[in-house]
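Colleague: Give me a 3D structure for the following:
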Amino acid sequence: MRKYILITESALDLMLMHEIWGQDKLPVDSERHGIASQALSDEIMAYYSAQEATGSFFALIDLESLSALLTVVGGDVFDVYRRIVRVVKGLRNPPIHLPRQWSEYHYRNLLTFFALPKGIANLRWVAESDGNNSCVRFDAITSSSDQVDLAKYRPTTWPDGFESLISRARGLKAPKPNTLNQSEGLVAEVDLSVIGSGSVVKNRTYEDWQPHLSESQKNILALDTQSSVRIVGPAGSGKTLALCLRVLLVSRSPDVISQGRKILVATHSWAMAERIDGVLCALNGGVVPSGVVVFPLLSLLQLHAGHIGQQVVEIIGDDSTEGRVKVLEIIRQIIDADGFRREGLSDWILTGLLAPDDGRSRLDLLFNLYEEISGVLTASSFAPDDPDAVRSYLAGAREDWMPPFELMADRSFVLNIYKSLLRILVDRSAITTDQFVLDSIRVLETYTWRMRRETDGYDYIFVDELQLFDAQERSALELLGRSRKGVPFVTAEDPSQGVFSSLHSKRGMVSNQTVYLETIHRFEKEIFDLIRFFYQKFPLNTLPLKIDPNRPSGAGVPKLYLATDRDAGVELVVTLVQDALRAATGSDRVCIATMGDTDALICDLLESKKISATRLASFDDVEQLGYRKKSVIVAPWQFIGGTQFSHVILSTLDISPAVTSFGKRHELTGVYLSCSRATRSLSIVSSDYVPLVVRDAKEHGLIAQIS
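Modeller: Residues are numbered from 1 along each chain as shown. The predicted model follows:
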């Protein structure tokens, strides 16, 4: 009777990339992709690939435990296998460094961690590493209610004769895979190394990078370690690399080491924290630098500010990014309940209410509601049971940065949504991440924290992607510093995707310096010229950007295609995809970024043309790209920040002219962010309306219109 699956790291990778498993969700053979199996004994079935490297690492997985996990997750098995792969890769190159939200614990060669994301199930794997046989055994599943003391845990006995069995498995190799169907087009892996540490570090250590740095990056490292530094630049300028190089510079300072000073790198999400962890580890020669803590802001506040009051309150989301996603989902549910008056509402709200859940009009409504609730109501500590506050909100003047809820009926609609949200939170004994940040600020301003910050605070604070942090989050960050007079802050930001930080103007901060990274490394020249033009359209951006002189010219200037209507435009988008796939090399990646409600139409047409595609419908989906070996990514522009693709096709089909300042800035940001994802070729497809900034760029000769 089968008790175990023995599978190589390479076979696991192929499984995830190509979604290879049977109806029972267990591994299966695939001649097409080069995966084969063989029974090693009555207990063990081995799976292996055609491309096994010398010294292959194996996972020995308890079949009963694996089947139990697969039953819990239902149709989506990615999370189960992805976590197994991550542990195998980590233990292959120790020390293992798992995402902190997995809550890993170690004892000698034993490891326990959450087997599934929080919210699905509180099940934990207990794994055992066998370095002599290059194998990780996933021994058993336990629940959080059944806490495991690894020091007392006794793993089950390894299978009889395992050493000889795994030695035999090392000699197995699957037949070479069949040639893939030409109609599939591009099959290069779209993985998180594109947006992860690999794309930043490029296999270089801190020392290796020194001769390759730009003058601006060298200036950042030349500043005194006690200086506060703002690293400002557009996409592709090396902000994250410069930030991490300075982290290492500070962590290696003799004064920092001898005095045991604490260095914090704060991020907006666990995904970004993991990315920074990987960058620092790689720059430091594969070793995590000592004295450096990398955490999302929300986790830091939970650690230092704790819960307020005696009742345990649930915080919606593990980090600020996930919190936003969770609140958006609650708002979506409130809208779907459809119990609100619609008389007198602005047309764009009515359109959003009538649109399908995945429609662009519905997404825009959700985003605007979230921004209004978090940025206007929550940020001002608005109380819906305060009549004066309600009157002031309904009749108050609207500023340019606010979402376009212009009419009094629009704001009454927002208030009803907000009241429903608060009722749901009370029923769940929960608060949003925005509410928790505001409560945490009040705690961090107390005398109790003033005493504790001398021991628990941080001597240096680094912040990546500062534009993602709102004013309240930035205030909370400052309060985490050890010194009451302020500590050195180093931030990296792209002002085109947010507002400038006010942290550095605070009293007590030492020797504030701003360094602009004006040299762009990511783009080929023609795309760079367009990105520079878009970048300088933002009011605060006057920086004269420069391109890396070593970057070559590419496939000509970006192109604008005008279609007669939406359907013709969708056909044109797919034709451009086919052209890109025919010319693509194995490492090329293609993305269709959308600004209008055309995602479903594009995906349907791609499928009819036998072109494999992945549609991103939420922020969570971006994290699933690690093993989605798909040719084309189709996504709203909001979901692709931080990614990078060889070829980008921006669809502005089905959008209307922006009339408010908020809408115009929103449109400019969408165009800038989408186009700055492309490195080699960029095409824009429009029909009835062409975004103003695109028309302006065409008049300046930066975009060529194709008839």
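Colleague: where's Gln51 relative to Lys173, distance?
Modeller: 8 Å (CB to CB, to the nearest Å). All C-beta spots, glycine's among them, are computed from the backbone N, C-alpha and C.
Colleague: likewise Val287?
Modeller: Counting by CB to CB, the gap from Val287 to Lys173 is 34 Å.
Colleague: burial count for the nearest residue to Asp565 once chain neighbours are set aside?
Modeller: Nearest residue to Asp565 in three dimensions, chain neighbours excluded: Ser687, at 5.6 Å (CB to CB, 6 or more residues apart in numbering). Ser687 has 23 neighbours, counted by other CB atoms under 10 Å.
Colleague: looking at it, Ser687 is touching Val570, isn't it?
Modeller: No. Here Ser687 lies out of contact with Val570, judged by CB atoms under 8 Å, at a distance of 9.5 Å.
Colleague: Which neighbours do the two have in common?
Modeller: Common contact partners of Ser687 and Val570 (CB atoms under 8 Å, 6 or more residues apart in numbering): Leu653.
Colleague: and Asp357, that's in a helix?
Modeller: No. Under DSSP: H, G, I helix; E, B strand; the rest coil, Asp357 sits outside any helix and is assigned coil.
Colleague: Give me the nearest residue to Leu377, chain neighbours excluded.
Modeller: Nearest to Leu377 is Tyr418, by CB to CB, 6+ apart, at 5.8 Å.
Colleague: same thing with Val463?
Modeller: Thr491 (4.4 Å).
Colleague: Look at that neighbour and give its secondary structure.
Modeller: Quick answer, by three-state DSSP: Thr491 is strand.
Colleague: and it, how many neighbours?
Modeller: 27.
Colleague: doesn't Phe462 make contact with it?
Modeller: Yes. Between Thr491 and Phe462 there is a contact at 7.3 Å, judged by CB under 8 Å.
Colleague: who touches both of those two?
Modeller: Contacts common to Thr491 and Phe462, judged by CB under 8 Å, 6+ apart, are Leu243.
Colleague: Find out how far stretch 600-614 is from the centre of the chain, if you would.
Modeller: 24 Å (CA atoms, centre = their mean, to the nearest Å).
Colleague: State the mean pLDDT of it.
Modeller: Stretch 600-614 carries an average pLDDT of 90.
Colleague: mind listing what's buried in that stretch?
Modeller: In terms of neighbour count (16 or more other CB atoms under 10 Å), stretch 600-614 has its buried residues at Ala600, Leu601, Ile602, Cys603, Leu605, Leu606, Ile611, Ser612, Ala613, Thr614.
Colleague: And stretch 110-126, by the same measure?
Modeller: Quick answer for stretch 110-126 (16+ other CB under 10 Å): 110-117, 120-121, 123-126.
Colleague: Determine the set of other helices and strands touching the longest helix anywhere in the chain.
Modeller: Once the chain is assigned using DSSP state H, the helix that runs over the most residues is helix 408-427. Packing partners of helix 408-427 (3 or more CB pairs under 8 Å, 6 or more residues apart in numbering; DSSP states H and E): helix 320-337, helix 360-372, helix 387-395.
Colleague: helices and strands around the shortest one, which ones?
Modeller: Pointing back at helix 387-395 there. Against helix 387-395 (3+ CB pairs under 8 Å, 6+ apart) you get helix 408-427.
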